[in-house]
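**Q** Sequence plus the predicted model coming up.
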Amino acid sequence: GTTVEVLNTDAEGRMILADALAYSKKFDPEIVIDAATLTGAAVRAIGNMGSCVMGNADDRYFTQLEAAGNGAFERTVRFPFLDEYAEEMKSPITAGKFLEHFVEAPYIHIDLAGPAWLDRTDAYRTKGGTGAGVRLMYHFFKNFS
């Protein structure tokens with residue numbers, strides 16, 4: 001029942017992710033978390049030292065995700081997810097707020113565009129694909145309550 005205008009091929013990943021998020025309602029999850037490299041804005045905002053997180057989930061989930069990120073040295077920075085941002089869906093839209101439309105459960109979007117790929121080795125993070133998000137999710141679910 002939703003029509004989406006695709007203005008460039010960069011949107012294809014968002015469409016596939018939107019389908020997966022919509023499918024999640026079949027399982028009636030407590031929370032839905034996605035991790036993707038969706039926006040250059042995340043990189044410009046905080047660089048490659050962490051991932052931007054946003055969503056409509058309860059603060060306790062964000063608190064646990066932040067603690068997991070600190071424990072795994074995959075830090076997170078929470079971005080605002082104001083209802084007013086939905087107005088932007090009437091024009092070119094970016095990432096998380098668009099995806100929220102397809103999820104019925106409490107939702108967190110992790111934009112790991114910054115730490116997902118590095119041009120040079122940085123401490124334990126290797127040059128190239130870093131596997132960002134894997135350690136974060138491991139720590140989050142290991143300590144989830």
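**A** Alright, I've got the coordinates.

**Q** So which residue is smack in the middle of the chain?
**A** Among the residues of the chain, the one closest to the centroid is residue 110, at 1.9 Å (CA atoms, centre = their mean).

**Q** what kind of secondary structure is that one in?
**A** Put simply, residue 110 is strand when judged by DSSP: H, G, I helix; E, B strand; the rest coil.

**Q** Spatially, which residue comes closest to it, not counting chain neighbours?
**A** Of all residues beyond its chain neighbours, the one nearest residue 110 is residue 35 (4.2 Å), with distances taken as CB to CB, 6 or more residues apart in numbering. Just so you know, the C-beta spots here come from the backbone N, C-alpha and C atoms, and that holds for glycine as well.

**Q** how near is that neighbour to residue 83?
**A** Distance of residue 35 to residue 83, given as CB to CB, to the nearest Å: 23 Å.

**Q** again, but for residue 59
**A** Distance of residue 59 to residue 83, computed by CB to CB: 16 Å.

**Q** rewinding a little: I figured the residue nearest to the centre of the chain hits residue 57, correct?
**A** No: counting by CB atoms under 8 Å, residue 110 stays clear of residue 57, with 11.5 Å between them.

**Q** what's the distance between residue 11 and residue 39?
**A** For residue 11, the distance to residue 39 - CB to CB - is 12 Å.

**Q** Give me the contacts around the helix or strand harbouring residue 35.
**A** Secondary structure assignment for residue 35, by DSSP states H and E: strand 32-36. Contacts with strand 32-36, where a contact means CB atoms under 8 Å, 6 or more residues apart in numbering, come from 13, 17, 20-21, 24, 51, 65, 95, 99, 103, 105-112, 133, 136-137, 140.

**Q** Could you pull up the contacting residues of residue 22?
**A** Listed by CB under 8 Å, 6+ apart, the contact partners of residue 22 are 102-103.

**Q** can I get the CA coordinates of the helix or strand harbouring it in PDB?
**A** Assigned by DSSP H and E, residue 22 belongs to helix 12-23. Provided in PDB are the C-alpha atoms of helix 12-23 (Å, rounded to 0.1, in the frame of the first residue of the first chain):
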ATOM      1  CA  GLU A  12      18.000   0.100  -4.200                       C
ATOM      2  CA  GLY A  13      19.600  -1.000  -0.900                       C
ATOM      3  CA  ARG A  14      17.000   1.000   1.100                       C
ATOM      4  CA  MET A  15      14.200  -0.800  -0.800                       C
ATOM      5  CA  ILE A  16      15.600  -4.200  -0.100                       C
ATOM      6  CA  LEU A  17      16.100  -3.300   3.600                       C
ATOM      7  CA  ALA A  18      12.500  -1.900   3.700                       C
ATOM      8  CA  ASP A  19      11.200  -5.200   2.500                       C
ATOM      9  CA  ALA A  20      13.200  -7.100   5.200                       C
ATOM     10  CA  LEU A  21      11.900  -4.700   7.900                       C
ATOM     11  CA  ALA A  22       8.300  -5.100   6.700                       C
ATOM     12  CA  TYR A  23       8.800  -8.900   6.900                       C
END
